[in-house]
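Asks: Need a 3D model of the sequence below.
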Amino acid sequence: MDTYSSKLCVSICTDIFLSGDIRTVEPGTRLGFHKTDLVIKDDYIFGNLTTNKRVKYYTILCVSEIFTEIDFNIYNKIVWYPPINN
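Replies: Below is the predicted model of the structure:
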């Protein structure tokens, strides 16, 4: 599955966006990340996963270690909009 965002993708949308085989954004698109505070059964990909499971999920999706570290350290009420590079 490929994923695409044309303007704004925030919160759980970013988890779905990251799961794409090919991820495409239009110029000016903003992707907003925050630490999750959603509690769902522990076996699910989304939700309040242990750090170890989240790291494995991001590793599978080829998310950089620096990005992962920043994402884990953001307070869940603050949205982080990282710069989008090609």
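
Asks: Go ahead and confirm Leu31 touches Asn85.
Replies: No: Leu31 lies out of contact with Asn85 (C-beta atoms under 8 Å); the separation is 11.5 Å. Backbone N, C-alpha and C define where each C-beta goes, glycine included.

Asks: Name the residue in those two with the higher neighbour count.
Replies: Leu31 (20 against 4; other C-beta atoms under 10 Å).

Asks: Wait, a strand at that one?
Replies: Yes: counting by DSSP: H, G, I helix; E, B strand; the rest coil, one finds Leu31 located in a strand.

Asks: before we move on, what SS does the closest residue to it other than its chain neighbours have?
Replies: Spatial nearest neighbour of Leu31, chain neighbours left out: Cys9 (5.1 Å); criterion: C-beta to C-beta, 6 or more residues apart in numbering. Cys9 falls in the strand class when you classify it by three-state DSSP.

Asks: Read off the pLDDT value for Cys9.
Replies: Cys9 carries a pLDDT score of 93 in this model.

Asks: Show me where this structure dips below the pLDDT cut-off.
Replies: 36-51, 75-76, 86 (pLDDT under 70).

Asks: Show me which helix runs longest in it.
Replies: Secondary structure of the chain per DSSP state H: the longest helix is helix 51-60.

Asks: buried stuff in that helix?
Replies: Going by neighbour count (16 or more other C-beta atoms under 10 Å), the buried part of helix 51-60 is 54-55, 57-58.

Asks: need the contact list for the residue nearest to Leu31.
Replies: 17, 25, 29-32 (C-beta atoms under 8 Å, 6 or more residues apart in numbering).

Asks: Spatially, which two of these are the most separated?
Replies: Val25 and Gly32 (12.3 Å; C-beta to C-beta).

Asks: what are the ranges of the strands in the protein?
Replies: Along the chain, counting by DSSP state E, strands occupy 3-5, 8-10, 23-25, 30-32.

Asks: how far is stretch 11-23 from where the chain is centred?
Replies: Relative to its chain's centre, stretch 11-23 lies at 7 Å (C-alpha atoms, centre = their mean, to the nearest Å).

Asks: first to last residue in it, what's the distance?
Replies: End-to-end span of stretch 11-23 (C-alpha to C-alpha, to the nearest Å): 16 Å.
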